[in-house]
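>>> Sequence first, predicted coordinates after that:
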Amino acid sequence: MPSDTHSEASVMIRFAGRDVRAARGMPVAVALWSAGERVLARSIKYHRPRGAFCFDGHCGGCLMRIGGLPNLRACMEPCTEGLDIEGQNAYPSQKLDVLSAVDWLFPRGMDHHTMMTGSRVLSAVTQKLVRQLSGLGTLPDQIAATAEDAAIVTPDVCVVGGGPAGLAAATEAATTGARVVLIDEMPEPGGSLRADPRYGPEACAERTRRALASGAEILASAQAIGFFPEDRGGVLAVATRSRLLLFRPRATVYATGGYAQNLPFEDNDRPGVIAARGGGRLLLDHGISPGQRVVLAAAPDAPVDFAEALTEALTAAGSEVIVAQVLRARGRQEVTGAVIRDPDGKERTVDCDAILVWATPAPATELLRQHGCAVRFCAARGGFAVTCTGDGQTDVPGVFACGDVTGYVGPEAATDAGQRAGARACEAVR
């Protein structure tokens, strides 16, 4: 399922001194992956190679200088004609970074705060050197233009998150005639459905159409960056590409889902180790198989239905898939193989060009905790999940939660929970 990057909608971007053709609007990280570029960044301190992991803006593995601006998430920035893309924190380049000697010199770790502290002069020199070696890019090429003033938005119900739960909540709430605004950080709604072969972009489009037909407003590429309770009863700050929006809804439904998690094996930070959902996004959203020979590593307690569906889809797309426990990723800079343990317990080394990891997503509860909502740890459901009643009511009046933010439940259960939370939120504002 190759991506058609040679159509009239294609553009030329430039990375590491070479031109790369990409589909217009395709995320930069996806375009570079398609072009065979895995090493996009270097770690702040040890200069270990870094690459995209989650492909949904949450891991920080693909921070790059894009269009003269530092520290942008390559998986969230669209390709445009002539876009210039550079790595950061590396010399002379991301692939050949001589500063990676730090990782070799300090294999057991380095605490630069205690180095050379016996001498004030040597300590000052050491700290200056460390500051030169570390960091995340330099200042932008140009001074930022003056931003528009923040706008106040006052819907009846604000739904945060456009996955299965959020779309269902917005649809249900809007059918009552309430003004409902759904905000989602991705360019198109769908959330985890976009990475799941059982659903995919078509199902996302259909659910989005239903939400719009019900009267819900959808604000895409908009990220809820914080809730501030001290601001006249509380305000939810939402950053868009053009301005800051300050939401003061009568009720808020959080359907923020969960974050992709890695698995604990040696060199699990190598570029080419990606989240299974990231692999699903590559395949379903962009028609790019994550690799010709892929190792799929699932945590023992991770839901098996998604892993099985993804394995089937990758195989149908022409990838060879090996399902096994990964003990170590191989490759100096990017993944070239893996040491695995087969289901029968035997260990062996295999060649591969990608390792997909599937672990139960961790609930994205930060905004709810800023409201003061209670959370509870449940390892089987991904970690600290918000607590709520069956209809989504948290212990904070006017704040509701549904879907995987309450602990991983899966797409269908998340949809049902979203419908209940949307209905309950509307009752609360009548």
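Everything's here; your move.
>>> so how far is stretch 50-59 off the chain centroid?
Put simply, stretch 50-59 sits 5 Å off its chain's centre (C-alpha atoms, centre = their mean, to the nearest Å).
>>> okay, how far is it across that stretch, tip to tip?
Distance between the boundary residues of stretch 50-59 (C-alpha to C-alpha, to the nearest Å) amounts to 11 Å.
>>> do the same with stretch 95-104
Start-to-end, stretch 95-104 (C-alpha to C-alpha) is 16 Å.
>>> and if you look at stretch 297-306?
12 Å.
>>> what do you get for stretch 45-55?
23 Å.
>>> Now the element after the helix-or-strand element of the chain with minimal mean pLDDT, going C-ward?
Lowest by mean pLDDT, DSSP states H and E among the helices and strands of the chain is helix 120-133, with a mean of 81. Where DSSP states H and E defines the elements, the next helix or strand beyond helix 120-133 is strand 151-153.
>>> Tell me the buried residues in that next one?
Neighbour-count burial for strand 151-153 flags residue 153 (criterion: 16 or more other C-beta atoms under 10 Å). Heads up, the C-betas are built off the backbone N, CA and C, glycines and all.
>>> distance between it and the chain's centre?
For strand 151-153, the distance to the chain centre is 27 Å (C-alpha atoms, centre = their mean).
>>> ok, now stretch 47-66?
For stretch 47-66, the distance to the chain centre is 9 Å (C-alpha atoms, centre = their mean).
>>> quick one: buried residues of it?
Along stretch 47-66, these residues count as buried under the neighbour rule (16+ other C-beta under 10 Å): 47-59, 61-66.
>>> For residue 410, which residues are in contact?
303, 305-306 (C-beta atoms under 8 Å, 6 or more residues apart in numbering).
>>> Closest one of those to residue 36?
residue 306 (27.1 Å; C-beta to C-beta).
>>> Contacts only, for the closest one.
196, 198, 276, 358, 410.
>>> Residue 219 now?
181-184, 238, 240, 245.
>>> Can you show me the helices along the stretch 51-200 of the chain?
In the stretch 51-200 of the chain, helices defined by DSSP state H, counting those that start in this stretch lie at 101-105, 120-133, 164-174, 200-213, listed in chain order.
>>> Next, the angle from the third one to helix 200-213.
Here helix 164-174 runs at an angle of 20 degrees relative to helix 200-213 (axes from the mean of the first three to the mean of the last three C-alpha atoms, to 10 degrees).
>>> Counting by contacts, list what helix 164-174 packs against.
With contacts taken as 3 or more C-beta pairs under 8 Å, 6 or more residues apart in numbering; DSSP states H and E, helix 164-174 sits against strand 157-160, strand 180-183, helix 200-213, strand 251-254, helix 411-429.
>>> Report the strands that pair with the helix or strand that the third one is followed by, each with its relative direction.
What that stands for is helix 200-213. Using DSSP H and E, the helix or strand that follows helix 200-213 in sequence is strand 217-219. Sheet pairing for strand 217-219, assigned by DSSP bridges, gives strand 180-183 (parallel).
>>> one step back: who touches the least confident helix or strand of the chain?
Contacts of helix 120-133 (C-beta under 8 Å, 6+ apart): 45, 47, 99, 102, 112, 115-117.
>>> Can you give me the buried ones in that helix?
123, 126, 130, 133.
>>> Alpha carbons of it, as CSV, please.
Provided in CSV are the C-alpha atoms of helix 120-133 (Å, rounded to 0.1, in the frame of the first residue of the first chain):
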residue,chain,number,x,y,z
ARG,A,120,35.4,26.2,41.4
VAL,A,121,37.3,27.0,38.1
LEU,A,122,37.0,23.4,36.8
SER,A,123,33.4,23.2,37.9
ALA,A,124,32.6,26.4,35.9
VAL,A,125,34.3,25.1,32.8
THR,A,126,32.5,21.7,33.1
GLN,A,127,29.1,23.3,33.5
LYS,A,128,29.8,25.6,30.5
LEU,A,129,30.8,22.5,28.4
VAL,A,130,27.7,20.6,29.4
ARG,A,131,25.5,23.5,28.4
GLN,A,132,27.1,23.5,25.0
LEU,A,133,26.7,19.8,24.6
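>>> Next, format the contacts of residue 306 as a markdown table and append distance to residue 289 and pLDDT.
As requested, the contacts of residue 306 are exported to a markdown table (distance: C-beta to C-beta, whole Å; pLDDT from 0 to 100):
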| residue | distance to residue 289 | pLDDT |
| --- | --- | --- |
| 196 | 16 | 98 |
| 198 | 18 | 97 |
| 276 | 13 | 98 |
| 358 | 17 | 98 |
| 410 | 25 | 95 |
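>>> out of the residues you listed, which are buried?
196, 276, 358.
>>> Now do the same contact list for the closest residue to the last one other than its chain neighbours.
The shortest distance from residue 358 to any non-neighbouring residue, by C-beta to C-beta, 6 or more residues apart in numbering, is to residue 276 (3.7 Å). By C-beta under 8 Å, 6+ apart, residue 276 lies in contact with 195, 260, 296, 298, 306-307, 310, 356-358.
>>> show me where the stretch 201-350 of the chain has strands.
Taking DSSP state E, counting those that start in this stretch, the strands of the stretch 201-350 of the chain run over residues 217-219, 223-228, 235-239, 244-247, 251-254, 258-259, 273-275, 293-298, 320-323, 325-330, 337-341, 347-351.
>>> which strands and helices sit next to the fourth one?
Using 3+ C-beta pairs under 8 Å, 6+ apart as the contact test, the elements touching strand 244-247 are strand 151-153, strand 235-239.
>>> Repeat that for the last one.
Contact partners of strand 347-351 among helices and strands, from 3+ C-beta pairs under 8 Å, 6+ apart: strand 293-298, strand 337-341.
>>> cool, the third one as well?
Identification of packing neighbours for strand 235-239 by 3+ C-beta pairs under 8 Å, 6+ apart yields strand 223-228, strand 244-247.
>>> Quickly run through the sheet partners of it, with directions.
Partner strands for strand 235-239, per DSSP bridges, with pairing direction: strand 223-228 (antiparallel), strand 244-247 (antiparallel).
>>> okay, these in JSON lines with mean neighbour count, mean pLDDT and distance to residue 324 next?
Shown next, in JSON lines, are the strands paired with strand 235-239 (neighbours: other C-beta atoms under 10 Å; pLDDT from 0 to 100; distance: least, C-beta to C-beta, whole Å):
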{"stretch": "strand 223-228", "mean neighbour count": "17", "mean pLDDT": "97", "distance to residue 324": "36"}
{"stretch": "strand 244-247", "mean neighbour count": "18", "mean pLDDT": "97", "distance to residue 324": "46"}
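>>> Now tabulate the ones you listed in TSV and tack on distance to residue 385.
Shown next, in TSV, are the strands paired with strand 235-239 (distance: least, C-beta to C-beta, whole Å):
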stretch	distance to residue 385
strand 223-228	18
strand 244-247	24
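>>> That concludes my questions; thank you for your assistance.
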